[in-house]
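Colleague: Predicted model and sequence below, questions to follow.
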Amino acid sequence: MLDAPDLPLFIKTLPGLEPVLEREVKFLGGRDVKAVKRGVKATGDIGFVYKANLALRSALRVLVQVKEIPVQNADALYKVMRRIPWERYFDSQATMMVDATVYSKVFTNSLYVAQKTKDGIADRFREKQGQRPNVDLQNPQVRINVHISQKHCTVSLDSSGPSLHKRNYRSARIQAPLSEVLAAGILQLTGWEGHLPLIDPMCGSGTFLVEGAFLAAGLPPNLLRKEFAFRHWKGFAEELLHTIIEGLLSRESENPPTLFGFDKTTAALYKTRQNIRSALLEDRIELAKADFTKFNKREELPEKGMIIMNPPYDLKMEADIPRLYRQIGDTLKQQFTGYTAFLYTGSAEGIKNVGLKASQKTYLPNAQRDAWLVRYDLY
């Protein structure tokens with residue numbers, strides 16, 4: 001059961017971040033690690049499950065596999081769910097929900113699969129404990145994940161609860177903010193490990209800066225987060241969790257570099273300051289108001305470093321995109337010789353107008369939209 005030393009795990013991530021997550025899981029101590037589409041398979045004990053939720057930067061969810069079995073139809077699915085000893089995993093007083101994903105000619109409706117799963121679980125609890133868990137679709141304490149590929153069914157307990165991109169520091173948002181998981185994954189794809197200063201000249205609500213500060217300091221990104229589904233499982237070990245947290249904090253770097261953030265709007269900088277304050281990183285990040293298209297490099301900025309930016313690329317702005325990206329390229333050429341710059345953008349038109357030769361271009365979609373991470377070496 002959940003105290004087994006070799007729990008089969010599936011750790012979800014965003015498309016394109018599978019190699020990043022694979023490296024993270026191996027570094028954290030996962031075993032039998034293998035990257036697959038949109039995730040990583042691994043094995044580990046319950047302590048590793050706790051640690052993965054706290055420390056993985058590019059993970060969305062950590063699923064613990066409970067059952068893997070062929071199912072021929074809806075009745076067979078119901079019977080499988082009723083036979084699983086759910087009462088060993090959580091109590092009937094816990095609230096629950098079922099997430100279902102189906103790729104099948106037999107099972108074509110994920111809501112129906114979720115309903116049959118819920119019915120099997122409820123009837124199991126009625127039989128064994130005389131009452132069933134209540135369903136809560138908004139804030140459930142326990143999440144069950146069902147994945148059906150044709151007639152093959154994998155049933156898992158979701159140890160994370162809310163998606164792991166919800167770090168609990170973003171108190172202020174801008175429109176269409178960059179996901180924390182995507183930002184952390186992009187930073188790792190650049191190869192930046194906190195040895196060089198980092199500048200985000202269009203910082204928005206500061207996601208690159210906060211995730212970069214966590215990465216440079218070696219701090220677990222979900223340390224501020226209180227809600228994890230594994231807290232509602234039977235046998236939850238509070239002392240083990242505290243021991244793991246202490247171990248993760250012992251890796252904190254004593255001299256991480258300062259990060260610099262700029263934006264042309266006072267409103268964006270205000271939101272960035274709020275988020276940095278919520279993340280307890282005020283002494284690690286410096287902010288100032290500046291328009292990057294008219295940027296004059298300040299004396300306090302280092303001679304060499306890395307620039308990371310997510311310029312606007314909304315379709316409504318398409319008429320302004322070529323001019324904006326030409327200005328970005330001009331500023332990089334004129335003000336940041338000696339730096340390495342990375343642009344993450346969904347505008348192919350914008351990339352064409354930067355006016356710099358890209359040394360690397362990585363396809364990395366964002367919310368089902370084409371996007372690229374582009375590297376420029378500014379000799």
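Modeller: Received it, and whenever you're ready, just let me know what you need.

Colleague: measure residue 228 to residue 40 for me?
Modeller: Remark: distance between residue 228 and residue 40 (C-beta to C-beta, to the nearest Å) = 19 Å. From N, CA and C alone the C-beta is placed, and that goes for glycine too.

Colleague: out of those two, which sits in the busier spot?
Modeller: Neighbours per residue (other C-beta atoms under 10 Å) separate residue 228 from residue 40, with residue 40 holding more: 29 against 22.

Colleague: Double-check that the more buried one belongs to a strand.
Modeller: Yes. Checked against DSSP: H, G, I helix; E, B strand; the rest coil, residue 40 lies within a strand.

Colleague: for it, what are its contacts?
Modeller: 10, 11, 13, 18, 21, 22, 25, 30, 33, 34 (C-beta atoms under 8 Å, 6 or more residues apart in numbering).

Colleague: Would you mind putting those residues into TSV with distance to residue 83 alongside?
Modeller: TSV is the format used below for the contacts of residue 40 (distance: C-beta to C-beta, whole Å):
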residue	distance to residue 83
10	21
11	26
13	31
18	33
21	32
22	34
25	31
30	29
33	30
34	29
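
Colleague: Most neighbours out of the residues you listed, which is it?
Modeller: residue 11 leads the contacts of residue 40 on contacts (other C-beta under 10 Å) with 31 neighbours.

Colleague: Is that one located within a helix, as I assumed?
Modeller: No. Counting by three-state DSSP, residue 11 is located in no helix; its state is strand.

Colleague: quick one: residue 327 and residue 207, what's the gap?
Modeller: Taking C-beta to C-beta, one finds residue 327 at 23 Å from residue 207.

Colleague: out of those two, which sits in the more crowded spot?
Modeller: residue 207 (28 against 19).

Colleague: The more buried one contacts residue 183, doesn't it?
Modeller: Yes. Assessed by C-beta atoms under 8 Å, residue 207 is found in contact with residue 183 at 4.4 Å.

Colleague: how close does residue 201 sit to residue 64?
Modeller: Counting by C-beta to C-beta, the gap from residue 201 to residue 64 is 42 Å.

Colleague: I meant residue 169, not that one.
Modeller: Residue 169 is 26 Å from residue 64, by C-beta to C-beta.

Colleague: Report the contact partners of residue 177.
Modeller: Shown in contact with residue 177 (C-beta under 8 Å, 6+ apart): 170, 204, 205, 207.

Colleague: and those, which of them are in helices?
Modeller: Mapping the contacts of residue 177 onto helices (DSSP state H) picks out residue 207.

Colleague: Can you tell me which of the contacts of residue 177 has the most neighbours?
Modeller: residue 207 (28 neighbours).

Colleague: Can you tell me what sits against the helix ranked longest in the chain?
Modeller: When the chain is scanned for its longest helix (criterion: DSSP H), the result is helix 110-129. Contacts to helix 110-129, defined as C-beta under 8 Å, 6+ apart, come from residues 74, 77-87, 92, 96, 98-102, 107, 131-133, 135, 144, 146, 148, 155.

Colleague: Please identify the next secondary structure element, helix or strand, after that helix.
Modeller: Of the helices and strands lying after helix 110-129 in sequence (DSSP states H and E), the nearest is strand 142-149.

Colleague: So what angle separates the directions of that following strand and helix 110-129?
Modeller: 130 degrees (axes from the mean of the first three to the mean of the last three C-alpha atoms, to 10 degrees).

Colleague: Quick check: next helix or strand after strand 142-149?
Modeller: Next element after strand 142-149 (DSSP H and E): strand 152-158.

Colleague: In that next one, which residues are buried?
Modeller: 153, 154, 155, 156, 157, 158 (16 or more other C-beta atoms under 10 Å).

Colleague: Pull the number of nearby residues for the closest residue to the last one other than its chain neighbours.
Modeller: By the measure of C-beta to C-beta, 6 or more residues apart in numbering, the closest residue to residue 158 outside its immediate chain neighbours is residue 143, 3.7 Å from it. Here the neighbour count serves as a burial measure; for residue 143 (other C-beta under 10 Å) it reads 20.

Colleague: tell me the contacts of residue 143?
Modeller: 96, 97, 98, 99, 157, 158, 160, 161, 229.

Colleague: can you pull up the bridge partners for the second one?
Modeller: I take that to be residue 97. residue 143 (DSSP bridges).

Colleague: how close does it get to residue 140?
Modeller: Distance from residue 97 to residue 140, by C-beta to C-beta: 4 Å.

Colleague: So for these two, which sits in the more crowded spot?
Modeller: Higher neighbour count among residue 97 and residue 140: residue 140, with 22 against 18, using other C-beta under 10 Å.

Colleague: More neighbours: residue 169 and residue 64, which one.
Modeller: residue 169 (25 against 22).

Colleague: Check whether the more buried one really touches residue 279, as I assumed.
Modeller: Yes. Residue 169 lies in contact with residue 279 (C-beta under 8 Å); the separation is 3.9 Å.
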